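[1] sequence first, then the predicted structure:
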Amino acid sequence: MITAVAGGVGAARLLRGLVRVVPPEDVTAVVNTGDDTEVHGLHVSPDLDTVTYTLAGLNDDERGWGLAGETWAAMDALERLGGDTWFRLGDRDLATHLYRSERLRQGAALSTVTAEIAAALGVGARLLPVSDDPLRTHLTLAGGPEVTFQDYFVRRRHAVAVEAVRFSGADAARPGPGVLDALVRAELVVVCPSNPIVSVGPVLAVPGVRDALAARRDDVVAVSPIVAGAALKGPADRLMAELGHEPTVVGVARLYAAFAGTLVVDDADAALAARVEACDVRCVVAPTVMHTPADAAALAVRLLDAHRAPASPAAP
């Protein structure tokens, strides 16, 4: 079994590659819920939905989120009425949020509802919210207020500097059903190329998760979301710099060194392999940019090989 720590588009693409090279039922994804929010009275789980839609083959690859062929009639009508539409939900996407919200109101746990949605959409992999308890990422803007993740990421288009990040509810949150077991029992744990601060960070903040990874550090292989000093999508590089971390694969290695024994970096960062390994993290160099599903599958194969052949660090 392979367990992935996942959040957002990069994770969804890598998971799509993994299920092409191993049976989907052998893949479990522990997914970030720090991005979850309430929009128009509906519970929205952006990272869970991105992973679900991608594995179901329904995602919009160009945007990286949402459903392919989406329409926006409901949001357009709401806008004409003067409603707040800065967080736009597509017409087909609304069905997911309506179903999730109704089931939660009926008393079902988020993990239960996630499994129901995944099964209905034909997803073979097991998707686990990191916690069924409320967990929300909050960011303090430089010289300004503390805002929710979606306010920062969508409303302000992550174009404002950040001076602090906290995970509200993390201290009281319990790992979701099956989460710790999936991390402990997996042959390989993959930390997907997700934002280390606001995608992987909330997962690690749930009590027990970081310790479970650290206890089997040699079996944890992470993929850097930073390539040649920049994030491929989103604000990971800027957030790292703003919070005092080097926005390179070396900075990622330092953030992950306590719980990941191996870091896979892109060919563009081969020259930094020695600095990564100076962090006591084995460095494997490989193509990590996933332009196509075939690229994702090739990267998945390289991750499996890296775990099976620990004696070949930094081999391109």
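    That came in fine, so what should we check first? Numbering: from 1, shown residues only.
[2] where does pLDDT dip in the stretch 1-150 of the chain?
    For the stretch 1-150 of the chain, no stretch has pLDDT under 70.
[3] that one: helices as residue ranges?
    Secondary structure of the stretch 1-150 of the chain (DSSP state H, counting those that start in this stretch): helices at 8-21, 46-55, 73-80, 91-105, 110-120, 149-150.
[4] can you tell me the closest non-neighbouring residue to residue 43?
    The shortest distance from residue 43 to any non-neighbouring residue, by Cβ to Cβ, 6 or more residues apart in numbering, is to residue 101 (4.7 Å). Yep, even glycine has a C-beta here, placed from its N, CA and C like the rest.
[5] how much space separates that neighbour from residue 36?
    Per Cβ to Cβ, to the nearest Å, residue 101 is found 12 Å from residue 36.
[6] neighbour-wise, which of those two wins?
    Between residue 101 and residue 36, counted using other Cβ atoms under 10 Å, the more crowded position is residue 36 (22 against 18).
[7] show me the contacts for that one.
    Neighbouring residues of residue 36 by Cβ atoms under 8 Å, 6 or more residues apart in numbering: 43-46, 135-136.
[8] between the residues you listed, which sits nearest residue 114?
    Closest approach to residue 114 among the contacts of residue 36 (Cβ to Cβ): residue 45, at 7.6 Å.
[9] phi, psi of the residue lying closest to the closest one once chain neighbours are set aside?
    Closest residue in space to residue 45, ignoring its immediate chain neighbours: residue 36 at 4.9 Å, by Cβ to Cβ, 6+ apart. Per-residue torsions, residue 36: phi -60, psi 150 (degrees, to the nearest 10).
[10] what about residue 36, distance to residue 173?
    Per Cβ to Cβ, residue 36 is found 12 Å from residue 173.
[11] mutual contacts of the two, please.
    Common neighbours of residue 36 and residue 173 (criterion: Cβ under 8 Å, 6+ apart): residue 135.
[12] strands along the stretch 101-250 of the chain, start to end?
    Along the stretch 101-250 of the chain, the stretches classed as strands by DSSP state E, counting those that start in this stretch are 126-129, 136-141, 146-148, 162-168, 188-191, 220-223, 226-227, 230-231.
[13] other SSEs contacting the first one?
    Helices and strands touching strand 126-129, by 3 or more Cβ pairs under 8 Å, 6 or more residues apart in numbering; DSSP states H and E, are strand 27-31, helix 46-55, helix 110-120, helix 179-185.
[14] mind doing that once more with 10 Å?
    On a contact count with 3 or more Cβ pairs under 10 Å, 6 or more residues apart in numbering; DSSP states H and E, strand 126-129 meets strand 2-6, strand 27-31, helix 46-55, helix 110-120, helix 179-185.
[15] contacts for the longest one?
    Judged by Cβ atoms under 10 Å, 6 or more residues apart in numbering, the contacts made with helix 110-120 from elsewhere in the structure are 29, 31, 33, 36, 43, 45, 48-49, 51-53, 55-56, 95-96, 99-104, 106, 108-109, 123-134, 176-179.
[16] next: the last one.
    With Cβ under 10 Å, 6+ apart as the test, helix 179-185 has contacts from 1-5, 28-31, 111, 126, 128-132, 174-176, 178, 189, 203, 206-213, 215-216, 219-220.
[17] quick one: residues contacting the spatially closest residue to residue 70 that is not a sequence neighbour.
    Excluding its sequence neighbours, the residue lying closest to residue 70 (Cβ to Cβ, 6+ apart) is residue 90, at 3.6 Å. Taking Cβ under 10 Å, 6+ apart, we find residue 90 in contact with 60, 65-67, 69-75, 96.
[18] among the residues you listed, which pair sits farthest apart?
    65 and 73 (18.9 Å).
[19] next, count neighbours for the residue lying closest to residue 217 once chain neighbours are set aside.
    Distance criterion Cβ to Cβ, 6+ apart; nearest residue to residue 217, sequence neighbours excluded, is residue 261 at 4.7 Å. Counted by other Cβ under 10 Å, the residues lying close to residue 261 total 19.
[20] for residue 261, give me its contacts.
    By Cβ under 10 Å, 6+ apart, the neighbours of residue 261 are 189, 216-222, 280-282, 307, 310.
[21] ok, those vs residue 288, which is closest?
    Checking the contacts of residue 261 against residue 288 by Cβ to Cβ gives residue 222 as the nearest, at 11.0 Å.
[22] list the buried residues in stretch 271-279.
    Residues of stretch 271-279 classed as buried: 272-273, 275-276, 279 (neighbour count, 16 or more other Cβ atoms under 10 Å).
[23] and what of stretch 179-188?
    Neighbour-count burial for stretch 179-188, with 16+ other Cβ under 10 Å as criterion, is recorded at 179-180, 182-183, 186, 188.
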